[in-house]
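Peer 1: Kindly return the folded structure for what I paste below:
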Amino acid sequence: MKPGAGSLRALLAGDRQADRVVPPSGFTAQLTLFAAGAMAFLAVFALALSLAAGRLAERWGSELARTATVRIVAPLDQRAAQTDAALRILETTRGVATARALTDAEQQALLAPWFGPDLALDALPVPRLIEVIEDSDGMDAAGLRLRLAAEVPGAVLDDHGRWREPLVQAASRLRLIGWVSIALIAAAVAAMITLAAQAALAANAQVIAVLRLVGATDDYIAQAFVRRFTLRALSGAAAGTVVGLIAVVLLPSASETGGFLTGLGFRGLHWLLPVLIPLLAGGVAFAATRAAARRTLRGLS
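Peer 2: Next up is the predicted model:
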């Protein structure tokens with residue numbers, strides 16, 4: 001059984017006489033349909049997770065790589081003066097595109113998730129925050145720290161590097177886990193279909209022996225099993241993919257408060273990627289059944 005255009009045409013066209021060799025119902029048919037459908041459903045979410053993690057890693061990498069924060073930790077009566085001094089230093093620092101002090105309302109909004117919206121900043125020793133955005137050339141963080149330490153004792157520069165890199169790395173690994181999950185799902189589908197195909201071949205051993213006596217070749221017999229199990233996997237995976245896409249559509253839409261947990265859907269052309277899942281399941285079923293048929297028929301010789 002050599003794969004090629006002839007095998008593909010035979011797979012699509014089929015043979016009614018040969019198809020009768022494969023039982024149209026029974027536990028093998030149910031197992032194949034269920035396995036393909038369930039794995040396709042899981043593959044949709046694994047794909048959505050991988051793509052969402054990739055978007056998250058890119059967003060964190062691009063948005064945080066060129067930002068920094070200066071905290072002014074000083075007594076309340078000195079905070080305004082040191083904030084102005086830090087802003088003057090930042091305005092003359094090479095590599096700094098913009099620098100501005102956050103307003104009380106902006107700082108209150110940042111603390112609201114933890115302390116509530118009615119927090120009075122005067123009630124807590126909250127430092128004044130300065131948002132720093134670098135230009136394309138970047139700034140010398142070490143040199144800026146030394147200058148701030150010398151001229152503004154209460155200023156602390158945070159370039160976000162110590163926590164940005166672990167977050168980006170975690171998102172990248174989560175994306176990798178998603179793709180590994182898809183590979184494991186494909187392997188599980190191949191294993192289940194192989195077992196189902198071997199069971200169907202063994203159950204039809206007497207029929208296969210009669211077909212051989214009347215002149216049927218192993219290629220002819222195997223093609224019937226390959227076609228039936230491939231179409232079962234294709235149809236089951238298509239149903240599972242549709243159900244998975246419906247579940248993804250019903251997920252909450254992306255929001256700032258929900259963050260990553262509400263951003264697991266597909267975006268743009270990524271909605272076309274799940275269409276490949278049934279095709280992948282069909283291809284896996286084709287290869288697995290063909291290999292199982294070859295081994296089993298050789299053993300029945």
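
Peer 1: Find the residue ranges of the stretch 151-300 of the chain scoring beneath the pLDDT cut-off.
Peer 2: Scanning the stretch 151-300 of the chain for pLDDT under 70 picks out the ranges 161-164, 253-263.

Peer 1: how about the strands of it, start to end?
Peer 2: Remark: strands of the stretch 151-300 of the chain, listed N- to C-terminal, are 155-158; assignment by DSSP state E, counting those that start in this stretch.

Peer 1: Nearest the geometric middle of the protein, what residue?
Peer 2: Nearest to the centroid of the C-alpha atoms of the chain, with distances taken as CA atoms, centre = their mean, sits Ser50, at 0.9 Å.

Peer 1: pretty sure it is touching Ile185, no?
Peer 2: No - contact between Ser50 and Ile185 fails when scored by CB atoms under 8 Å: they sit 12.0 Å apart. No exception for glycine: its C-beta is placed from N, CA and C like everyone else's.

Peer 1: re the thing from before, could you report the neighbour count for the nearest residue to the residue nearest to the centre of the chain once chain neighbours are set aside?
Peer 2: The shortest distance from Ser50 to any non-neighbouring residue, by CB to CB, 6 or more residues apart in numbering, is to Gly178 (2.7 Å). Residues near Gly178, counting by other CB atoms under 10 Å, number 20.

Peer 1: How about the one 3 residues further on?
Peer 2: Using other CB under 10 Å, the number of residues around Ser181 comes to 17.

Peer 1: what does Gln107 give?
Peer 2: Using other CB under 10 Å as the criterion, the residues surrounding Gln107 number 17.

Peer 1: buried set for the helix or strand containing it?
Peer 2: Taking DSSP states H and E as the definition, Gln107 sits inside helix 104-115. Residues of helix 104-115 classed as buried: Gln107, Gln108 (neighbour count, 16 or more other CB atoms under 10 Å).

Peer 1: Now do that helix, average pLDDT.
Peer 2: Per-region confidence: helix 104-115 scores 78 on mean pLDDT.

Peer 1: Just the C-alpha atoms of it, please, in CSV.
Peer 2: Only the C-alpha atoms of helix 104-115 are listed here, as CSV (Å, rounded to 0.1, in the frame of the first residue of the first chain):
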residue,chain,number,x,y,z
ASP,A,104,-3.5,61.2,42.4
ALA,A,105,-6.4,59.8,40.5
GLU,A,106,-4.2,57.5,38.4
GLN,A,107,-2.4,56.2,41.5
GLN,A,108,-5.7,55.7,43.3
ALA,A,109,-6.9,53.6,40.3
LEU,A,110,-3.8,51.5,40.5
LEU,A,111,-4.4,50.7,44.2
ALA,A,112,-8.2,50.3,43.9
PRO,A,113,-8.1,46.5,43.3
TRP,A,114,-6.4,46.1,46.7
PHE,A,115,-7.7,48.9,48.8
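
Peer 1: Now do it: which elements does it pack against?
Peer 2: In terms of contact count using 3 or more CB pairs under 8 Å, 6 or more residues apart in numbering; DSSP states H and E, helix 104-115 is assigned the packing partners strand 128-134.

Peer 1: where along the stretch 151-300 of the chain do the helices fall?
Peer 2: Assignment of helices within the stretch 151-300 of the chain using DSSP state H, counting those that start in this stretch yields the ranges 161-203, 205-213, 218-249, 276-299.

Peer 1: between the ones you listed, which one is nearest to Ala38?
Peer 2: Ranking the helices of the stretch 151-300 of the chain by distance to Ala38, with CB to CB as the measure, places helix 218-249 first at 6.2 Å.
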